[in-house]
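Chemist: My questions concern the predicted model and sequence given below.
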Amino acid sequence: MSYEEVFVKVKEIFMKADVSRVEEHLAFQFNITGEGAGAFYAEVKDGSLSVEPYEYYDRDATFICSADTLIRLASGKLDPVFAFTTGKLKVEGSLEKALMLQKFV
C-alpha cells in the first residue's frame, strides 16, 4: 500500500469522528514506517478536525507506527494503549495529549 493510499484511508476514517465537543487545541503528527512510509497530521481546533498530508511542527504528540497498525488504530480494531504497551506504537511528546486521540478513533 502506498503512502497516498494509507493517507486517504486514514483521513476518511478520521473525518467521520465527532470532535465538536473537544474544546482544546490538539495537534498530532503520524509518522508511518515501512511500506507506505510518510507523515501527515491531524489537528482539532475550535471543534473542527483537519487532516493534511504534511508535517506539523507545533504538534502536541507524534505517533510512529506501521501503516497496518495505523489503519487498525483508526478503524477501532486496535486499542491505542495496547498498541503502545506492546511496542506497535511509539509516542513522542505529551502522553497526556496523546491519550486524547481516543476521542476521535
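Modeler: Good, I have the coordinates.
Chemist: Read off the pLDDT value for residue 102.
Modeler: Looking at residue 102, its pLDDT reads 78.
Chemist: Quick check on the spatially most central residue of the chain: phi, psi?
Modeler: What sits nearest the mean C-alpha location of the chain, by C-alpha atoms, centre = their mean, is residue 30, with 5.2 Å. The phi/psi pair for residue 30 (degrees, to the nearest 10) reads phi -120, psi 120.
Chemist: Please report how far the nearest residue to it once chain neighbours are set aside lies from residue 38.
Modeler: Excluding the flanking residues, the one nearest residue 30 by C-beta to C-beta, 6 or more residues apart in numbering is residue 63, at 5.0 Å. Where C-beta positions appear, they are placed from N, C-alpha and C, glycine not excepted. From residue 63 across to residue 38, the span is 13 Å (C-beta to C-beta, to the nearest Å).
Chemist: Name the residues contacting each of the two.
Modeler: Shared contacts of residue 63 and residue 38, defined by C-beta atoms under 8 Å, 6 or more residues apart in numbering, are found at residue 31.
Chemist: Thanks a lot, see you next time.
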